[in-house]
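> coords please:
(chains A and B)
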Amino acid sequence: MKALCGEGINDVRVQDVPDPQLLNDQDMILKVRLSTVCGSDLHLLTGHIPFMQAGDVIGHEFMGEVVEVGPGVTKHRPGDRVVVCSFIVCGRCWYCRNELYSLCDNTNTNPAITQHLWGSDPGGIFGYSHAMGGFRGSHAEYVRVPFADHTAFQIPEAVDDMSALFASDSGPTGWMGADLGGVQRGDVVAVWGAGAVGQMAARAAQLLGAERVIVIDRFDYRLRQAELAFGVETINYANDQVGDALLETTGGRGPDVCIEAVGCEAHSTGPQYVYDQVKSKLKLEMDRPIAVREAIYNCRKGGSVFVLGVFTGVVDMFPLGALMNKGLTVRGAQQHGQRYIPMLLDRIASGELVTDHLATHVMPLSEGARGYELFKKKEDDCLRSVFRF
Amino acid sequence: MNTAGKAAVTAGVVAAYAVVRRRRAAAVQPSDRWPVVTVSRAPEEVRASLPEDLAHLHGQVEFQVRPATGDKGTELVAKASGDVPRHELRLAPRRMKAVLEAGEVVRPDVAPTHPGPMGKALQLVTSRAGGGGRL
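Now for the predicted structure:
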C-alpha cells in the first residue's frame, strides 16, 4: 500500500509499505478515508523528537471505514464508519478508568524511553515516534488500530467525514484545554495559537460558558478564520502588545483561564525568541516555551493555565516566581480524547461545533509532501492539509 | 542533515542512553529494589493468575501480591531468587499487568525496512525497551 513516510529531517515521501496485519485479538484494520497533518508532526519532521526511523509512517488524526476486525473486537464491524483517537488506549487500566486516557499504562510498547525522559511512560500514539510506541501512522491507505473498542468511535449518520475527522485529535485536545483548565460561566479566556487546536479550545471555552474569548496568533488569516467561525476576539502579537491588550480587555485583571495551544517551537517578535533560538540550536534548551511564559505572566492572580502544546524536555526561563506568587494553577496533558469524542460528535451533529472549515487544503496522499510544505510554511493561508484516499 | 551530522546525532543518542544506564546502575544496585507494577484488579484476581502467566519463571522469581493504596488495585512485586536478568524481571510483571487489565499485550507494528543509521541505533534501544525503564 501507499503511505507517507518520514525519511529524515524535513523529508517526507510517499512510499510502498507492507499492508498492516491484525497482530492482536483486539485489533482492527481501517481503510483510511481522511487523515490530516498536525502541528505536532512538525516537531517530528524537524528532528525535535529524535526517536524516528527512516520509513516510519506518520499521521495521527484520521477517520475511515473498518475492513477487518480481530476476534476480541465487539463494538465495530466491517463497513462501519469510525473516527479514531490519536491515542491508543486499553480502556481498563487505572488511568483509563479515571478518564486520563493518554496516560494509559498498557499501550506504549517502548516504555523505557519515556520513563527515563519523564519519569513515567504515557500511552501510545499513532505515527508519533518510537518513544510513543512505534505504531504506524494514518497517512496510509490502511492502518492497524489496536484496542479498537476503546480507540475508535462510530460516527453518527448526521456527521460528514470531514467534520468527523477533527473529532480525532484537535477537537478533543482543544476541549480538554477548556474543560481541565476549569473554564466557568462568565470567564475571560485567552488562547495562544489560532491553529486547529487553538480554535477548538476557543469554541469549547464559549460552549462551557466563557463570556469573552480572545485568540492570539501572528497570522491574520488564522485570526480572521477564528473570528468568522466562532466570533471570538483576536490579538495579532506581531502588531500589538499582548499583555497590554489583555489587561485592557479584562479591566486590568488578566484572563481567568489561559490556554496555550502552540507547543515547543513557538515564535515571538521579542528578544526572547532570539534567546530561545540560540539556546535550542546550541542544544542548551530543548523547547521554546514562549507562549507558556506569556500565558503565566498575563494570567490573572489565582487563575489557571493549561498547556496543550506538545513539549518534549526541559525549558529555560520558566516563570516559577509568577506561578507561585500569583497562586496560579498550571496543568497540561496530551489529549484524553476518549473522554470527549462521543460528546463532540453529538455537538458536531447538532451544529453546535463546526470543524470542517479547518480543512483548508484537501488533496490526495500523492501530494503529501506539498501538504506538509504548505502547512509548515503557512503558505496559501493553509490551516490544515487533509489527505483524501 | 549530512552524513556526519547524522552520525554525530546517532552517537549522541547511543552515548546518552549508555550514560543514563550507567548512572542508573551506579546509583541503584538492581538487587536493592524490587520491580513493582500496580494492577488495576483485585488482589485475589491477580493471585489466581500468577501460576499460569508466569510459569516460565517458576523457581527463579518470587512474586508477592499486596493491596495498593486507595482504588488503585494490587501491587505485584517481583524479586529474583535465581539468576534472572533485570530485563526479564521488569518485563514479566509488565506483561502480566497488561494481560490482567487489558486481556493482551499489545504488539508493536512492523519496523520500517530502511531505518537509516539513526533508526538502527534507535532499534538497539527499542529492542530492549519493553524490559527497560525505571522499574
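> so where do the strands sit in chain B?
B:36-39, B:61-67, B:74-80 (DSSP state E).
> same deal with the stretch 1-150 of chain A?
Ranges of strands in the stretch 1-150 of chain A, per DSSP state E, counting those that start in this stretch, are A:2-8, A:11-16, A:28-36, A:56-57, A:61-69, A:81-84, A:87-88, A:124-125, A:142-145.
> name the SS class of the closest residue to chain B within the stretch 201-350 of chain A, please.
In the stretch 201-350 of chain A, no residue comes nearer to chain B than residue A:283, which is 8.9 Å away by CB to the nearest CB. From N, CA and C alone the C-beta is placed, and that goes for glycine too. What DSSP: H, G, I helix; E, B strand; the rest coil gives for residue A:283 is coil.
> give me the number of residues near it?
8 (other CB atoms under 10 Å in any protein chain shown).
> kindly report the same for the one 10 residues further on.
Here the neighbour count serves as a burial measure; for residue A:293 (other CB under 10 Å) it reads 21.
> now the strands of the stretch 1-150 of chain A as TSV including mean neighbour count, distance to chain B and mean pLDDT?
Converted to TSV, the strands of the stretch 1-150 of chain A look like this (neighbours: other CB atoms under 10 Å in any protein chain shown; distance: least, CB to the nearest CB, whole Å; pLDDT from 0 to 100):
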stretch	mean neighbour count	distance to chain B	mean pLDDT
strand A:2-8	23	7	96
strand A:11-16	16	9	96
strand A:28-36	24	12	98
strand A:56-57	25	6	96
strand A:61-69	23	14	98
strand A:81-84	25	15	98
strand A:87-88	30	7	98
strand A:124-125	27	7	97
strand A:142-145	26	6	98
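> now distance to residue A:163 too, for the ones you listed, in JSON lines please.
Shown next, in JSON lines, are the strands of the stretch 1-150 of chain A (distance: least, CB to CB, whole Å):
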{"stretch": "strand A:2-8", "distance to residue A:163": "23"}
{"stretch": "strand A:11-16", "distance to residue A:163": "26"}
{"stretch": "strand A:28-36", "distance to residue A:163": "10"}
{"stretch": "strand A:56-57", "distance to residue A:163": "25"}
{"stretch": "strand A:61-69", "distance to residue A:163": "10"}
{"stretch": "strand A:81-84", "distance to residue A:163": "10"}
{"stretch": "strand A:87-88", "distance to residue A:163": "20"}
{"stretch": "strand A:124-125", "distance to residue A:163": "23"}
{"stretch": "strand A:142-145", "distance to residue A:163": "20"}
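> ok, which of those comes nearest residue B:34?
Among the strands of the stretch 1-150 of chain A, strand A:124-125 comes nearest to residue B:34, with 26.5 Å by CB to CB.
> that closest one packs against which elements?
strand A:87-88 (3 or more CB pairs under 8 Å, 6 or more residues apart in numbering or on different chains; DSSP states H and E).
> partners of the strand it packs on in the sheet?
strand A:124-125 (antiparallel) (DSSP bridges).
> got the phi and psi for the residue of the stretch 201-350 of chain A closest to chain B?
With angles defined as degrees, to the nearest 10, residue A:283 sits at phi 60, psi 30.
> which residues sit in contact with it?
Not one residue lies near residue A:283 by CB atoms under 8 Å, 6 or more residues apart in numbering or on different chains.
> before we move on, what about residue A:332?
Residue A:332 neighbours (CB under 8 Å, 6+ apart): A:306, A:307, A:308, A:311.
> beta partners of it?
Going by DSSP bridges, residue A:332 forms beta bridges with residue A:307.
> could you break chain B into its assigned domains?
B:1-29, B:34-106 (automatic domain parsing).
> what number of residues lie near the residue of the stretch 101-250 of chain A found nearest chain B?
Taking CB to the nearest CB as the measure, the stretch 101-250 of chain A has residue A:112 as its residue closest to chain B, at 3.0 Å. Residues near residue A:112, counting by other CB under 10 Å, number 25.
> ditto for the one 5 residues further on
As a burial measure, the neighbour count of residue A:117 was computed by other CB under 10 Å and equals 16.
> distance of it relative to residue A:311?
11 Å (CB to CB, to the nearest Å).
> same check on residue A:298?
For residue A:298 relative to residue A:311 (CB to CB), the value is 19 Å.
> the two: who's more crowded?
residue A:298 (23 against 20).
> pretty sure residue A:353 sits against residue A:203.
Yes. The pair residue A:353 and residue A:203 qualifies as a contact (CB atoms under 8 Å) at a distance of 6.2 Å.
> by mean pLDDT, flag the weakest helix or strand of the chain.
In the absence of a named chain, chain A is used. helix A:271-281 (a mean of 79; mean pLDDT, DSSP states H and E).
> I was thinking of chain B, sorry if that wasn't clear
helix B:3-27 (a mean of 48).
> got a list of what the residue nearest the centre of chain A touches?
Centroid-nearest residue in chain A: residue A:170, 4.8 Å away (criterion: CA atoms, centre = their mean). By CB under 8 Å, 6+ apart, the residues touching residue A:170 are A:38, A:61, A:195, A:196, A:197, A:200, A:355, A:358.
> among these, which two are most distant?
Maximum distance among the contacts of residue A:170 (CB to CB): 13.8 Å, for A:38 and A:355.
> what's the pLDDT at the nearest residue to the residue of the stretch 101-250 of chain A closest to chain B once chain neighbours are set aside?
In space, and not counting its chain neighbours, residue A:112 is closest to residue B:132: 3.0 Å by CB to CB, 6 or more residues apart in numbering or on different chains. On pLDDT, residue B:132 comes in at 84.
> quick check on residue B:132: phi, psi?
Taking degrees, to the nearest 10, you get phi -100, psi -160 for the backbone angles of residue B:132.
> any idea which of the strands of the stretch 1-150 of chain A gets closest to residue B:94?
Per CB to CB, nearest to residue B:94 of the strands of the stretch 1-150 of chain A: strand A:124-125, 13.9 Å.
> could you spell out the sheet neighbours of the helix or strand where residue A:214 lies, each with its direction?
Taking DSSP states H and E as the criterion, residue A:214 maps to strand A:212-217. When pairing is defined by DSSP bridges, strand A:212-217 lines up against strand A:188-192 (parallel), strand A:233-236 (parallel).
> so where's chain B uncertain?
Within chain B, the segments meeting pLDDT under 70 span B:1-31, B:51-53.
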